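Student: Could you work out the structure for the sequence below:
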Amino acid sequence: MAGISSIFLFIGLYVRKYYPSKNNSSNEELYSIYEEYRKLWKLSSLLPHFEENEEVNSQDLLHTSNELTNWYFSGGFKLLSDKSSKTFTLIQDELREKKFQTVKESDYHYLKNLFGFLQSEITSEMIIRNKQMF
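Tutor: Predicted coordinates:
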């Protein structure tokens, strides 16, 4: 979790340092996008990339699936590129498929890799949005 916070802190400081208030509405829009990405990043931290969450169970997966659905339909879908949208859909399909089963090690690692890929994609998209807005 500390790694996640560090990455978003870095992006936030990067934006503030290299793109000072040229246009307040652009900054506000960027920060609102940043906050939405941050929510998605937090939701995807159920399965940390560098360590294993041995306590994850099918209820956790169901809860995460529901939270991801809420994020998506509350406007998050607008922020996803085609590539990250496909990854998001794969994650949701896997979470729904596994919700009534025990979490096998192979399933855990597959989901962990999908979440890691989604996190990489949204980080790249945030950096690209920073460059496009200023």
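
Student: Could you check which helix or strand contains the residue lying closest to L80 once chain neighbours are set aside?
Tutor: Take L80 and drop its neighbours on the chain: the residue closest to it by Cβ to Cβ, 6 or more residues apart in numbering is F88, 5.9 Å away. (Each C-beta comes from the backbone N, C-alpha and C, glycine too.) Using DSSP states H and E, the element containing F88 is helix 82-98.

Student: Tell me the spacing between K104 and T64.
Tutor: Distance of K104 to T64, given as Cβ to Cβ, to the nearest Å: 17 Å.

Student: out of these two, which sits in the more crowded spot?
Tutor: Just comparing K104 and T64: by other Cβ atoms under 10 Å the higher neighbour count belongs to T64, 22 against 10.

Student: can you tell me which residues contact that one?
Tutor: With contacts defined as Cβ atoms under 8 Å, 6 or more residues apart in numbering, the neighbours of T64 are L43, L46, L95.

Student: any chance of those residues in JSON lines, with distance to F117, pLDDT and neighbour count too?
Tutor: Written out in JSON lines, the entries for the contacts of T64 read as follows (distance: Cβ to Cβ, whole Å; pLDDT from 0 to 100; neighbours: other Cβ atoms under 10 Å):
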{"residue": "L43", "distance to F117": "15", "pLDDT": "85", "neighbour count": "19"}
{"residue": "L46", "distance to F117": "15", "pLDDT": "81", "neighbour count": "19"}
{"residue": "L95", "distance to F117": "15", "pLDDT": "85", "neighbour count": "23"}
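
Student: of the residues you listed, closest to L118?
Tutor: Here the nearest of those to L118, counting by Cβ to Cβ, is L43; it sits at 9.7 Å.

Student: Let me know the helix or strand that the closest one is in.
Tutor: Secondary-structure assignment from DSSP H and E places L43 in helix 24-43.

Student: Flag the shaky bits of this protein, pLDDT-wise.
Tutor: Low-confidence segments of the chain, defined by pLDDT under 70, span residues 1-26, 98-101, 132-134.

Student: Understood, closing this out.
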